[in-house]
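J.: 3D model of this:
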Amino acid sequence: MPHTRRRKSIVKVTLQDVARETGVSAITVSRALREPDKVSDALRDQILSVVDKMGYVPDLNARALASGTSTFIGVLLPSLSHSALSAVLNGIEARIRGSDYRIQYSNTHYDAGAEVKQVRAFTAHSPAGVIVAGTERLENLEAIVNEAGCPVVQTIDATLQMRGIAVAIDHKKAAMVATRHMLSQGYRRIAILGCGHDIRVRLRQEGYCEVMQQAGLLDESMIIWQDAPPSIHVGSRLIRRLLEKRPDIDGVFCHSDDLALGVIFECQRLGIRVPEDFGICGFNDLEYAMTTEPPLTTIHVPRFDIGYTAADILITLGQGGVIKERNLDLGFELVERQTTRRSKVSASTDSSAPLAVADP
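T.: Below you'll find the model as predicted:
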């Protein structure tokens, strides 16, 4: 007779088990875990010690069923490898950490057709809310807000008007500030490099075009775009192609620091002096921006704060709180470093002196 190995059963520790071991009620244990400030320090420490010893893990699904509330938050993002999104995700996780809430990520891989489908998959789990960290189409964002059946926070742009909640910056305004800065430093033939279909890319391009139009310098041949995720390699390739066609350009505003870093590398290979002969401005202020050679001028985006605030809003709503402000603009900052710090002498003696470009 063949020997059959029996699977060893694992007995799951319950809330009642912890209560019996501690000598208190199950309600007291639950309160110590969920609202620790409502029990004494000594009792809380005693309960937590028993929890650790017995290996108790709360059953969040059962808790959600009992309370009629969900502790699941969905996060929709275009890529898990996008460097600009990492700090946003860190902010989300920092706020979730230590709470009863948990996160499920959905990576669309920049596929516009997958965005609404993946949010529908979220709704099957009755989420407490959804954070949309990127979308390729505005109509998709509107569909997500309408179909989610729960609060939706988008971290795309603070100016988008729809039923959901926005926690972001004004990308068009940020691009306008960056472009004006480059003009003020004496750069005149300024190109723009961008990638992808993300709404933020289009808004930044609008800002750049508006300022260059005001200055009488808009030239559509200097608007360079590629349907690909932003990367250092793409930035290097795009600026090389542009310089072959337009060797007269003297500056570039990049939609991301990754593209800008590629431009810096290519200028070094070609022997182009930065910032004396060529200015470069990035976007996002990634960790390496201050350590490039020369250090990169860029737009600082409070990405960690955006993620943290988005998660905090959903937790607040889940706990019965009220959010009065529906469009939270966390602001941005132009960080001027060496890649646009043209000397005052070269700027004043250049025949293409900067124009005075007024704020709108």
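J.: Do a quick rundown of the helices in the stretch 201-350 of the chain.
T.: 232-245, 257-270, 303-318, 344-349 (DSSP state H, counting those that start in this stretch).
J.: got those helices as CSV, with distance to E115, mean pLDDT and mean neighbour count columns?
T.: (Glycine included, C-beta is placed from N, CA and C.) Below are the helices of the stretch 201-350 of the chain laid out as CSV (distance: least, Cβ to Cβ, whole Å; pLDDT from 0 to 100; neighbours: other Cβ atoms under 10 Å):
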stretch, distance to E115, mean pLDDT, mean neighbour count
helix 232-245, 23, 95, 18
helix 257-270, 23, 97, 22
helix 303-318, 17, 95, 21
helix 344-349, 45, 43, 11
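J.: A94 is nearest to which of these?
T.: helix 303-318 (5.7 Å; Cβ to Cβ).
J.: Return the alpha-carbon coordinates of the closest one using PDB.
T.: This file holds the C-alpha atoms of helix 303-318, laid out as PDB (Å, rounded to 0.1, in the frame of the first residue of the first chain):
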ATOM      1  CA  ARG A 303       6.500  63.700  -6.200                       C
ATOM      2  CA  PHE A 304       6.700  62.100  -2.800                       C
ATOM      3  CA  ASP A 305       4.200  64.600  -1.300                       C
ATOM      4  CA  ILE A 306       1.900  64.100  -4.300                       C
ATOM      5  CA  GLY A 307       1.800  60.300  -3.600                       C
ATOM      6  CA  TYR A 308       1.500  60.700   0.200                       C
ATOM      7  CA  THR A 309      -1.400  63.300  -0.100                       C
ATOM      8  CA  ALA A 310      -3.300  61.200  -2.700                       C
ATOM      9  CA  ALA A 311      -3.200  58.100  -0.300                       C
ATOM     10  CA  ASP A 312      -4.100  60.300   2.700                       C
ATOM     11  CA  ILE A 313      -7.200  61.600   0.900                       C
ATOM     12  CA  LEU A 314      -8.500  58.100   0.200                       C
ATOM     13  CA  ILE A 315      -7.800  57.000   3.800                       C
ATOM     14  CA  THR A 316      -9.600  60.100   5.100                       C
ATOM     15  CA  LEU A 317     -12.600  59.400   2.900                       C
ATOM     16  CA  GLY A 318     -12.600  55.800   3.900                       C
END
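J.: just how off-centre is it within its chain?
T.: 12 Å (Cα atoms, centre = their mean, to the nearest Å).
J.: What of stretch 332-340?
T.: 20 Å.
J.: any chance you could map the helices in the stretch 51-200 of the chain?
T.: 60-67, 83-96, 112-123, 138-147, 171-184, 199-214.
J.: what's the spacing between the nearest residue to N107 once chain neighbours are set aside and S30?
T.: Spatially, and ignoring its direct neighbours in sequence, N107 is nearest to L80 (5.2 Å; Cβ to Cβ, 6 or more residues apart in numbering). Shown here: L80 relative to S30, a distance of 35 Å by Cβ to Cβ, to the nearest Å.
J.: What of G207?
T.: 51 Å.
J.: Settle it for me: which of these two has more neighbours?
T.: Between G207 and S30, counted using other Cβ atoms under 10 Å, the more crowded position is G207 (23 against 16).
J.: Excluding covalently adjacent residues, which one is nearest to that one?
T.: Closest to G207 by Cβ to Cβ, 6+ apart is A175, at 3.1 Å.
J.: Please tell me how far that neighbour sits from D329.
T.: Distance, A175 to D329, by Cβ to Cβ: 15 Å.
J.: do you know how far the closest residue to N327 other than its chain neighbours is from L330?
T.: Spatial nearest neighbour of N327, excluding adjacent residues (Cβ to Cβ, 6+ apart): A166 at 4.5 Å. Applying Cβ to Cβ, the value for A166 to L330 is 10 Å.
J.: what do you get for N140?
T.: Taken as Cβ to Cβ, the span from N140 to L330 is 23 Å.
J.: what about the nearest residue to A121 once chain neighbours are set aside, neighbour count?
T.: Residue nearest to A121 in three dimensions, not counting chain neighbours: S106, with 7.2 Å by Cβ to Cβ, 6+ apart. Other residues within reach of S106, judged by other Cβ under 10 Å, total 16.
J.: can I assume S106 is in contact with S79?
T.: No: the pair S106 / S79 is not scored as a contact, 11.4 Å apart, by Cβ atoms under 8 Å.
J.: Pull up the overlap in contacts between those two.
T.: Shared contacts of S106 and S79 (Cβ atoms under 8 Å, 6 or more residues apart in numbering): none.
J.: before we move on, back to that, which one of A175 and D329 has more residues nearby?
T.: Counted by other Cβ under 10 Å, A175 and D329 do not tie: A175 has more neighbours, with 28 against 15.
J.: residues in contact with that one?
T.: By Cβ under 8 Å, 6+ apart, the neighbours of A175 are 203-208, 211, 253, 283, 299.
J.: Neighbour-wise, which one of the residues you listed leads?
T.: Counting neighbours by other Cβ under 10 Å, F253 leads the contacts of A175 with 32 neighbours.
J.: my guess is it meets I192, correct?
T.: Yes: assessed by Cβ under 8 Å, F253 is found in contact with I192 at 4.9 Å.
J.: which residues are common contacts for these two?
T.: Shared contacts of F253 and I192, counting by Cβ under 8 Å, 6+ apart, come down to Y208.
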